[in-house]
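> Got a predicted model here, sequence first, then my questions.
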There are 2 protein chains.
Amino acid sequence: MAKIDAVKVWSLSYRLLTAVIASVAPDLAALGLEVKELFVLAEIDEHPHPAELAVRLSMPKPSVTVNLKRLEAAGLVRREIDPTDLRRHRLLVTPAGRKIMARGLALLSDAFGARLDRLTATEQGHLKSALEKMI
Amino acid sequence: MAKIDAVKVWSLSYRLLTAVIASVAPDLAALGLEVKELFVLAEIDEHPHPAELAVRLSMPKPSVTVNLKRLEAAGLVRREIDPTDLRRHRLLVTPAGRKIMARGLALLSDAFGARLDRLTATEQGHLKSALEKMI
DNA sequence: ACGATCTAGTTTAGTTATAAACTAAGTAGC
DNA sequence: GCTACTTAGTTTATAACTAAACTAGATCGT
């Protein structure tokens, strides 16, 4: 079985993602949301501490700080000091944040979903499981 | 057949790519290459004009200019004015550029290939063809 | 219990990216 | 062949990013 060209597959993935991001960026901007802000916002429920977000999103800590500041200023996120560790900030998505997040993710879902729909349901399942193995 | 959650697949792809980028960035820096510079460099053969590069890489034109400037300053790329259209620049990868490009792509191929190797050859083929349909 | 070390998060300072405006060249309509 | 429009690429001014250094709190070893 011929070995697959990793760079070729890489390049396809990269171009696909950047194209989708570029296509949704203006719509997100209309919501008052930067692309990275949405990505941060969307991970808060699962990873409610800045340091975890930085790891999960492969983003430097100061970038997380900056993005959270904007989300907080926009009233989409709140933060509390963790009483068991006064260095840690527990992040909370506000109701307004949840609303914007849902709208932002819907835009992303539409844009990316349009591409996914070119695959059969079986192919979609294979894609998802392939990605899960590679993560 | 249950409909796949587009955001979930998106998030997997995004995290995979950003993690791979973050892991190769330091090695590329040791080669004197920014990540985006490598991506630009690698597309020049196929798209030897700045405007095409901008479209192909979903990158704003000024960013292409900046990256090309650095690549040119490093002696990895040359540019000629297209004699049939004096506005256009025809880009050429120099021998030095070709060498660095090969090394950079090898680093990327190693990092991403390590993930791809978690899939069977058949799964790799399915992944590639799924991406080709979605591009 | 207290100095050394580590971790969470931020600030600062320097770099990088980009939107908006520009120059220069080409194309189209009349 | 001249005015209006489009396209290629760059410059400039501003915003975004991030490496290095910092503050504050936790942990560890003795």
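It's in.

> What's the local residue count around A:Arg70?
When neighbours are counted by other Cβ atoms under 10 Å in any protein chain shown, A:Arg70 registers 16. C-beta: built from backbone N, CA, C; applies to glycine.

> give the contact list for it.
A:Glu34, A:Glu37 (Cβ atoms under 8 Å, 6 or more residues apart in numbering or on different chains).

> ok, now the one 5 residues further on?
For A:Gly75, the contacting residues are A:Thr94, A:Ala96, A:Gly97, taking Cβ under 8 Å, 6+ apart as the criterion.

> That one falls within a helix, correct?
No - counting by DSSP: H, G, I helix; E, B strand; the rest coil, A:Gly75 is not part of a helix but coil.

> What's the separation between it and DNA strand C?
Here A:Gly75 is placed at a distance of 16 Å from DNA strand C (Cβ to the nearest atom of the strand, to the nearest Å).

> Once you drop chain neighbours, what's closest to A:Val9?
B:Lys128 (5.2 Å; Cβ to Cβ, 6 or more residues apart in numbering or on different chains).

> The one you found: what secondary structure?
helix.

> Would you agree it is in contact with A:Ser13?
No - in this structure, B:Lys128 is not within contact of A:Ser13 by Cβ atoms under 8 Å, at 9.7 Å.

> More neighbours: which of the two?
A:Ser13 (23 against 17).

> Could you say which helix or strand holds the more buried one?
helix A:6-30 (DSSP states H and E).

> Pull the distance from that helix to the chain's centre.
13 Å (Cα atoms, centre = their mean, to the nearest Å).

> which residues touch it?
By Cβ under 8 Å, 6+ apart, helix A:6-30 touches A:34-35, A:38, A:104, A:107-108, A:111-112, A:115, B:10, B:13-14, B:16-17, B:20, B:39, B:42, B:56-59, B:105, B:108-109, B:112-113, B:116, B:124, B:127-128, B:131-132, B:134-135.

> Which ones among those map onto helices?
Assigned to helices by DSSP state H, the following of the contacts of helix A:6-30 qualify: A:35, A:38, A:104, A:107-108, A:111-112, A:115, B:10, B:13-14, B:16-17, B:20, B:39, B:42, B:56, B:105, B:108-109, B:112-113, B:116, B:124, B:127-128, B:131-132, B:134.

> Narrow these to just the buried residues.
Neighbour-count burial (16 or more other Cβ atoms under 10 Å in any protein chain shown) is assigned, among those, to A:38, A:104, A:107-108, A:111-112, A:115, B:10, B:13-14, B:16-17, B:20, B:39, B:42, B:56, B:105, B:108-109, B:112-113, B:116, B:124, B:127-128, B:131, B:134.

> what's near enough to touch the spatially most central residue of chain A?
Centroid check for chain A by Cα atoms, centre = their mean gives A:Phe39 as the closest residue, at 2.8 Å. Contacts for A:Phe39 (Cβ under 8 Å, 6+ apart) come out as A:Leu57, B:Tyr14.

> what's the pLDDT at it?
On pLDDT, A:Phe39 comes in at 96.

> now do A:Leu131
In this model, A:Leu131 carries a pLDDT of 97.

> cool, A:Leu119 as well?
pLDDT, read off for A:Leu119, is 96.

> and if you look at A:Ile4?
Per the predicted model, pLDDT is 75 at A:Ile4.

> now the closest residue to it other than its chain neighbours: how far from DNA strand C?
Excluding the flanking residues, the one nearest A:Ile4 by Cβ to Cβ, 6+ apart is B:Gln124, at 4.3 Å. According to Cβ to the nearest atom of the strand, B:Gln124 stands 30 Å off from DNA strand C.
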